[in-house]
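K.L.:
Here's a sequence, model it:
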Amino acid sequence: MRRLSLGTQMFVLLMVIVLLAVGGTAAVWTQHTRRQLDVGNQHRALAIAQSVAGMPAVQEAFTAARPQDLLQPIALGVQRRTGADYVVIANRDQIRYAHPTASLIGKRLSTDGSPVLAGRTWTGTQTGTLGRSLRGKAPVLDSSGRVIGLVSVGVLEEAVAEQFGSALPPLIWTVLAVLLAGAMAAVLLARRLRRQTFGLEPHEIATLFEQQEAVLHAVKEGVLAFDLDGRVTVVNDAARQLLGLHATTGTLTDMPISERLRDVLAGEDAGEDSIVPHEDRVLVLNRMPVALGERSLGWVVTLRDRTELVRLTQDLDRASSTTDALRAQAHEFANRMHTVVGLLSLKEFDEAIRYITETTDAHQRLAGTFGERVAEPTLAALLLAKSAEAAERGMTLTVSPDSRVDPSLIGDPHDAVLVLGNLVDNAFDALDGKPGGVEVVLATDDEGLRIQVRDSGPGIAPELAEEVFRQGFTTKAAQAGARGLGLALTRQACQRRGGWVRLHNDSGAVFTALLPTEAR
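P.N.:
Predicted structure coming up:
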């Protein structure tokens, strides 16, 4: 059996089941039919015996000088008319008055008739002079009700066997028909099984399953498969780690994820390489439907962790901003040096000294102001770079005089730089290169660092106040660090620390964020 194909094994097993079922049914039917034939013939023999015993001629013959001369013809006539194999009549002494074999008349019965002579009827199977037979016996009563003899009627087992044999052909044809139908069903089922398993044998299926499990859990990308009802059918270790899923996942609606991520997984937010922030990660998702022929089976989603890539891109953006600021300062410095050289060439020494002094004092005042109001060096350096960038783009960046920052209440400065840098960049984009101003307010208290960035742009429609944080990012993986993702990452950083970021309009957009000192 082990060497046979799966289809052949299935056919053999099904045929064994069919044979057992048909054989068992046929055996039960055969036994039941034979028992019914035995009981039916016994009852028929008893009915004939009772009918003969109740005949007035039989009762009167018992009073004759030679009863056998009267009873033998009656017994033979009844035997011919009823089809019984024998009709025997005997007196109380069990001496035969009638028998199919005339030589046995006047001799004692070969079987005991005492129960019948006691006034009771009897049915059963006994062996007599003619062989084994199914019998029915009834007492013969006189006019006063006294038992004066008995009548025994029998059907030989050979005759019953013939009756049984005549009932077998329908059974045989039925068994053959059932076997044929079972064989056809087994063949169809084996073919269907082979189609559903794509012609693969059990060991091949087991090998494929083991390989699939090994590959599924070895890949670093997360893999999630769903059926049409949204139930998770496949999830690998990487997907569990990226999404924070438990051992038993359930359905898409039960997963502890954000609405944005749920929409992408469900396909309501279509697009390739969809970027979705999730907890402290940035994930890139691709969704692919699964179909067999024209029948849809569900869909598969792959997840890639792009957190480090996004952080590196942000660092690169900050470095680029710093480079732009340095370039702008170098350009401004070059212009100032040209001015100084020109004044010296004109021998305007006093004017050159005054110009250099004023320029140096202005820069030192700006750096001193930022350093005084923002005691954290990293944030102060970021604001200086952004101030230079704003000047390069024809805008102004100011730090409110109300700003006071205690470095001990900031916590991890990386998150503060991320939030402040993204909010300032967003304010620059809101001005869209037009002249305007951006005001920054930084303050620390017992809750942590509060950051407020106000721009003089057109503001944001109230109905989009939440949308800008949830769907304000690009759907192109190649631009994972592009603007648009910043506000989503800003909210992610704040929520990771147990804080928040909010938006309202006041002569422009005003973003306010709270970064608690320690993550909660």
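
K.L.:
Distance from the longest helix along the chain to the middle of the chain?
P.N.:
Determined from DSSP state H, the single longest helix within the chain is helix 6-53. Distance of helix 6-53 from the chain centroid (Cα atoms, centre = their mean, to the nearest Å) equals 47 Å.

K.L.:
Kindly export the very next helix or strand once past it (C-alpha atoms) in CSV.
P.N.:
Downstream of helix 6-53, the first helix or strand assigned by DSSP states H and E is helix 56-61. Extracted as CSV, the C-alpha positions of helix 56-61 are listed here (Å, rounded to 0.1, in the frame of the first residue of the first chain):
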residue,chain,number,x,y,z
PRO,A,56,-65.5,-32.6,11.5
ALA,A,57,-64.6,-35.5,9.2
VAL,A,58,-61.3,-35.9,11.0
GLN,A,59,-62.9,-35.8,14.4
GLU,A,60,-65.5,-38.4,13.4
ALA,A,61,-62.9,-40.7,11.8
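
K.L.:
Quick one: name whatever helix or strand follows helix 56-61.
P.N.:
Taking DSSP H and E, what comes next after helix 56-61 is helix 67-82.

K.L.:
In this structure Ile451 contacts Asn422, no?
P.N.:
No: counting by Cβ atoms under 8 Å, Ile451 sits too far from Asn422 to count as a contact (10.1 Å). Bear in mind the C-beta positions are built from the backbone N, C-alpha and C, glycine included.

K.L.:
how near is the residue of the chain most remote from its centre to Gly149?
P.N.:
Within the chain, the residue lying farthest from the chain centre (Cα atoms, centre = their mean) is Ala65, at 96.2 Å. The gap separating Ala65 from Gly149 is 16 Å, by Cβ to Cβ, to the nearest Å.

K.L.:
next one: Asn422
P.N.:
Remark: distance between Asn422 and Gly149 (Cβ to Cβ) = 123 Å.

K.L.:
Could you pull up the mean pLDDT of stretch 80-89?
P.N.:
What stretch 80-89 shows for mean pLDDT is 90.

K.L.:
and that stretch, how far apart are its ends?
P.N.:
Length of stretch 80-89, first residue to last, Cα to Cα, to the nearest Å: 15 Å.

K.L.:
pretty sure Leu503 is in contact with Arg491, am I right?
P.N.:
No: counting by Cβ under 8 Å, Leu503 stays clear of Arg491, with 10.3 Å between them.

K.L.:
Need the residues touching each of the two.
P.N.:
Phe469 (Cβ atoms under 8 Å, 6 or more residues apart in numbering).

K.L.:
just to revisit the earlier point, so for the residue farthest from the centre of the chain, what's the pLDDT?
P.N.:
For Ala65, pLDDT reads 87.

K.L.:
just the one 3 residues further on next, same as before
P.N.:
Predicted confidence (pLDDT) for Gln68: 90.

K.L.:
Please name every helix or strand in contact with the longest helix of the chain.
P.N.:
helix 67-82, strand 86-91, strand 122-128, strand 131-141, strand 147-156, helix 157-196 (3 or more Cβ pairs under 8 Å, 6 or more residues apart in numbering; DSSP states H and E).

K.L.:
Reformat the ones you listed into CSV and put distance to Arg240 next to each item.
P.N.:
Converted to CSV, these look like this (distance: least, Cβ to Cβ, whole Å):
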stretch, distance to Arg240
helix 67-82, 86
strand 86-91, 88
strand 122-128, 76
strand 131-141, 77
strand 147-156, 80
helix 157-196, 30
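
K.L.:
Least confident of these, on average?
P.N.:
Among the helices and strands packed on helix 6-53, helix 157-196 scores lowest, at a mean of 82.

K.L.:
what about the helices in the stretch 401-520 of the chain?
P.N.:
All helices of the stretch 401-520 of the chain, identified by DSSP state H, counting those that start in this stretch, fall at 413-431, 467-470, 486-496.

K.L.:
Can you tell me which of these is nearest to Glu294?
P.N.:
Taking Cβ to Cβ, helix 467-470 is the member of the helices of the stretch 401-520 of the chain nearest to Glu294, at 35.9 Å.

K.L.:
can you give me how far the closest one is from the chain middle?
P.N.:
Taking mean C-alpha positions (Cα atoms, centre = their mean), helix 467-470 and its chain are 33 Å apart.

K.L.:
Let me see the mean pLDDT of that helix.
P.N.:
For helix 467-470, mean pLDDT rounds to 71.

K.L.:
For Gly499, give me phi and psi.
P.N.:
Here is the backbone geometry of Gly499 (degrees, to the nearest 10): phi -100, psi -150.

K.L.:
Am I right that it is in contact with Glu518?
P.N.:
No: checked against Cβ under 8 Å, the pair Gly499 and Glu518 is beyond contact range at 10.8 Å.

K.L.:
neighbour count winner among the two?
P.N.:
Gly499 (23 against 9; other Cβ atoms under 10 Å).

K.L.:
which one is the more buried one nearest to, not counting chain neighbours?
P.N.:
The spatially closest residue to Gly499, leaving aside those adjacent along the chain, is Leu514, at 4.0 Å (Cβ to Cβ, 6 or more residues apart in numbering).

K.L.:
Quick check: pLDDT value at that neighbour.
P.N.:
Listed pLDDT for Leu514 reads 89.

K.L.:
cool, Pro202 as well?
P.N.:
67.

K.L.:
And for Ala118?
P.N.:
For Ala118, pLDDT reads 88.
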